[in-house]
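J.: Predicted model and sequence follow; I will ask about them next.
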Amino acid sequence: MYSFRHGATDTVESAIGSRLWLSQGFPSVRHRTVPTIAITHTPKFDGLGPLMPTRAKAGDFPPIAKAYSRVSEVVRESGLLRRAPWFYAMVGAGIAASLGGAVTGFILLGDSWFQLLIAAALAIVFTQIAFLAHEAAHRQILSLGPANDRLARVLAGIVGMSYSWWDSKHSRHHSNPNRVGKDPDIEVDTISFIEEDATLARGLRREITKRQGWLFFPLLTLEGLNLHFHSLKYLFSAGSVKGRWTEIGIIAARFSLLLIPVFLLLPLGMAFAFVGVQLAVFGVYMGASFAPNHKGMPVIAHDAKLDFFTKQVRTSRNIRGGWWATWLMGGLNYQVEHHLFPSMSRPHLAKTREIVREYCRTLDVPYTETSLWRSYAIVVEYLNRVGLAARDPFECPITAQYRRA
């Protein structure tokens, strides 16, 4: 037990069941203590009809004085901010061995449709490399910042992504998770994460938005292609890009080493199928690892001023599962702790979770943690709820049926 003041009731998983969550029409989950939260609706938004977006204001979450400084002091004294070089050396060796095994399997299989299994294996390996790039970008692996940047740039290039593009986007997300107008991860990109964007959808995107919760995972099959596209678009943009030519060179070499053997050694149809499977599995794996972290958690008003501890804990969701979830998601299953201590190495997140949970219990702050499958259900429900804003709320069902006929 840690030296925090006791007395509050356990609130694990209660953030999903808070008044703010319930006001959006989602089913509650098992919880004990739920703080009373004032619900503030947008006075008017043309096109939403009766669907009024709920936004968390500063008054909904009372500020907690010195919360972060106190919990970080305990974490620091526990030695949980130290680097873990041997862990990352073993992870790197495991990934290198897996990559070597996939290449060997590709060569030995030759002209066979079993090559699609190699394509899926490569996608998994690339995603694991992306997790390492994410950790290097957060200064989790090496002791010096510039060394971590160089490592992250190389690893991201091996995956086929621009480190400069991703780092700028991800840094803004960490500063303001789930905040309207400031978190790029909730900006519209085919999928609408807030009602305002859903009302603006037109044409094909409008039809997708209406059913976006159910279409979310099928659409993730295109996410790998989307990440490559945005990376190249950024690298060839007119603005200043740090390490532009280094990243272009690494990414060009990566695609050459991947595509030339595939199209040289496999029949054309099989080669395209190989690339398609690799991109699809990579996109689904990446999206399925990052989506549970914040989607469906409270969305913060653009002008809300919240203390750091409140902002990071209340907008983040952990995934239960222990070591297997940590391996599967590259440590992203400890999202609350990652947002509080972004530079913390992966092996220390589980121990830090115990400290943060105890502190949240003491302060009666909801600490959200659920299963992986339940988190996916929450994401689908949330996106479907947002997607309702793309429908005409006043359209008569009978009229709509005749219109389609």
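T.: Looks like it came in fine.
J.: Contacts for the helix or strand hosting Ser256 next, please.
T.: Here Ser256 sits within helix 244-265, counting by DSSP states H and E. If you take Cβ atoms under 8 Å, 6 or more residues apart in numbering as the criterion, helix 244-265 is touched by 106, 110-111, 122, 153-154, 156-164, 231-232, 235, 241, 271, 274-275, 278. Using the backbone N, CA and C atoms, a C-beta is placed for each residue, glycine as well.
J.: how about 6 Å then?
T.: 157-158, 160, 162, 235, 271, 274 (Cβ atoms under 6 Å, 6 or more residues apart in numbering).
J.: Dump the C-alpha coordinates for it into CSV.
T.: Extracted as CSV, the C-alpha positions of helix 244-265 are listed here (Å, rounded to 0.1, in the frame of the first residue of the first chain):
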residue,chain,number,x,y,z
ARG,A,244,12.9,14.8,-44.9
TRP,A,245,15.4,13.1,-47.2
THR,A,246,16.5,10.6,-44.5
GLU,A,247,13.0,9.4,-44.1
ILE,A,248,12.3,9.3,-47.8
GLY,A,249,15.4,7.2,-48.3
ILE,A,250,14.5,4.7,-45.6
ILE,A,251,10.9,4.4,-46.8
ALA,A,252,12.0,4.0,-50.4
ALA,A,253,14.5,1.3,-49.4
ARG,A,254,11.8,-0.4,-47.3
PHE,A,255,9.3,-0.6,-50.2
SER,A,256,12.0,-1.7,-52.6
LEU,A,257,13.1,-4.6,-50.3
LEU,A,258,9.4,-5.6,-49.8
LEU,A,259,7.9,-5.2,-53.2
ILE,A,260,10.6,-6.2,-55.6
PRO,A,261,11.0,-9.8,-54.3
VAL,A,262,7.2,-10.2,-54.0
PHE,A,263,6.5,-9.2,-57.6
LEU,A,264,9.7,-10.8,-58.9
LEU,A,265,9.2,-14.3,-57.4
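J.: any idea which helix or strand comes after it?
T.: From helix 244-265, the next helix or strand downstream (DSSP H and E) is helix 268-290.
J.: can you pick the most crowded of the contacts of helix 244-265?
T.: Ser162 (28 neighbours; other Cβ atoms under 10 Å).
J.: Name the spans of the chain whose pLDDT lies under the cut-off.
T.: 1-54, 56-63, 65, 392-405 (pLDDT under 70).
J.: all strands of it, in order?
T.: Assigned by DSSP state E, the chain shows strands spanning 40-41, 54-55, 318-319, 369-370.
J.: any chance you could map the helices in the stretch 101-250 of the chain?
T.: Taking DSSP state H, counting those that start in this stretch, the helices of the stretch 101-250 of the chain run over residues 115-137, 145-159, 163-175, 195-199, 203-210, 212-220, 223-235, 244-265.
J.: Check which residues of the last one are buried.
T.: Judged by neighbour count using 16 or more other Cβ atoms under 10 Å, the buried positions of helix 244-265 are 244, 247-248, 250-251, 254, 258, 262.
J.: of all these, which comes closest to Trp86?
T.: Ile250 (26.6 Å; Cβ to Cβ).
J.: how much space is there between the closest one and Leu155?
T.: Ile250 sits 9 Å away from Leu155, going by Cβ to Cβ, to the nearest Å.
J.: How about Ile248?
T.: Distance from Ile248 to Leu155, counting by Cβ to Cβ: 16 Å.
J.: circling back: now do the helix holding Ser256 and helix 145-159, the angle between them.
T.: Helix 244-265 and helix 145-159 are oriented at 30 degrees to each other (axes from the mean of the first three to the mean of the last three Cα atoms, to 10 degrees).
J.: that older thread, which one of the buried residues of helix 244-265 is nearest Trp373?
T.: Nearest to Trp373 among those, with distances taken as Cβ to Cβ, is Leu258, at 32.2 Å.
J.: Now do the same contact list for Phe106.
T.: Going by Cβ under 6 Å, 6+ apart, Phe106 touches Ile118.
J.: cutoff 8 Å now
T.: 115, 118, 261, 265.
J.: what's the closest of these to Arg353?
T.: Nearest member of the contacts of Phe106 to Arg353, counting by Cβ to Cβ, is Ile118, at 36.1 Å.
J.: Count the neighbours of the closest one for me.
T.: Ile118, neighbours per other Cβ under 10 Å, totals 23.
J.: contacting residues for it?
T.: Ile118 touches 102, 105-106, 109, 274, counting by Cβ under 8 Å, 6+ apart.
J.: ok, now with 10 Å
T.: Neighbour list for Ile118: 101-109, 112, 262, 274, 277-278 [criterion: Cβ atoms under 10 Å, 6 or more residues apart in numbering].
J.: What's the separation between it and Gly283?
T.: The value you get for Ile118 to Gly283, if Cβ to Cβ is used, is 17 Å.
J.: Equivalent analysis for Gly110, please.
T.: 27 Å.
J.: Excluding residues flanking it in the chain, which one is nearest the residue nearest the centre of the chain?
T.: Nearest to the mean C-alpha position of the chain, by Cα atoms, centre = their mean, lies Phe290 at 2.4 Å. Among residues not flanking Phe290 along the chain, Leu332 sits closest, at 6.6 Å (Cβ to Cβ, 6 or more residues apart in numbering).
J.: Give the burial count for His174, as a bare number.
T.: Count around His174 with other Cβ under 10 Å applied: 14.
J.: scratch that, Lys169
T.: The number of residues packed near Lys169 is 16, by other Cβ under 10 Å.
J.: Spit out the contact partners of His339.
T.: Neighbouring residues of His339 by Cβ under 10 Å, 6+ apart: 173-174, 177, 293-294, 308-309, 311-313, 315-316.
J.: quick one on the thing from earlier: of Gly110 and Gly283, who's got more company?
T.: Each of Gly110 and Gly283 had its neighbours counted (other Cβ under 10 Å), and the higher figure belongs to Gly283 (22 against 10).
J.: sorry, back to before: give me the distance between the residue nearest to Phe290 and Thr127.
T.: For Leu332, the distance to Thr127 (Cβ to Cβ) stands at 11 Å.
J.: repeat for Leu264
T.: Distance from Leu264 to Thr127, by Cβ to Cβ: 25 Å.
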